[in-house]
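Participant: let me see the structure of the following:
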Amino acid sequence: MSTYQSPAIERRQYPRVREIFLQACDYLAPLIAGNAQVKTVSNFAMTHMLQEHFPDLSTEEIHIVIVTAEKMYIAGRFQGKIQS
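Facilitator: Down below sits the predicted model:
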């Protein structure tokens, strides 16, 4: 019986997003939490803010950060990032 396992293939396409995600969540946490209650912060504003802090991210990468952070908040996995 063989126990050979093929090497894992890296399927992730956005390594830079993974590098900065937690830091980006720190910036977005108050906005996302407030936005869920008041609906005043647009994705455009969050995009602009992330572009200022992470100028080397593409528009697509910024969109991935925002959408993922919002989904984490909705799923209740973002609570530790929100400073009240």
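Participant: okay, and for this protein, where does confidence drop off?
Facilitator: 1-8, 10-12, 35-41, 78-84 (pLDDT under 70).
Participant: okay, which residue is most central for it?
Facilitator: Most central residue of the chain, judged by C-alpha distance to the mean C-alpha position with CA atoms, centre = their mean, is V65 at 2.9 Å.
Participant: which non-adjacent residue is nearest it?
Facilitator: With CB to CB, 6 or more residues apart in numbering as the criterion, V65 has its nearest non-adjacent residue at 4.9 Å, and that residue is A24. (C-beta placed from N, C-alpha, C; glycine too.)
Participant: what is the burial count for L22?
Facilitator: L22 sits with 9 neighbouring residues when counted by other CB atoms under 10 Å.
Participant: element containing it, please.
Facilitator: Counting by DSSP states H and E, the secondary-structure element that holds L22 is helix 15-38.
Participant: what helices or strands is that helix leaning on?
Facilitator: With contacts defined as 3 or more CB pairs under 8 Å, 6 or more residues apart in numbering; DSSP states H and E, helix 15-38 has these neighbours: helix 43-53, helix 59-74.
Participant: and what about R77, helix, strand or coil?
Facilitator: coil (DSSP: H, G, I helix; E, B strand; the rest coil).
Participant: what is the burial count for it?
Facilitator: 11.
Participant: report the separation between it and A45.
Facilitator: Separation of R77 from A45 (CB to CB, to the nearest Å): 23 Å.
Participant: what do you get for Y14?
Facilitator: 22 Å.
Participant: if we can go back for a sec, to E19, which of the helices and strands packed on helix 15-38 lies closest?
Facilitator: Closest to E19 of the helices and strands packed on helix 15-38 is helix 59-74 (CB to CB; 10.5 Å).
Participant: ok, and what's touching that closest one?
Facilitator: By CB atoms under 8 Å, 6 or more residues apart in numbering, the list of residues contacting helix 59-74 from outside reads 14, 16-17, 20-21, 24-25, 28-29, 32-33, 36, 43, 46-47, 50-51, 54, 57, 78.
Participant: what sits against the residue lying closest to H53 once chain neighbours are set aside?
Facilitator: For H53, the nearest residue in space outside its immediate sequence neighbours is Y27; the separation is 6.0 Å by CB to CB, 6+ apart. Remark: with contacts taken as CB under 8 Å, 6+ apart, Y27 is in contact with 49-50, 53.
Participant: no further questions, thank you.
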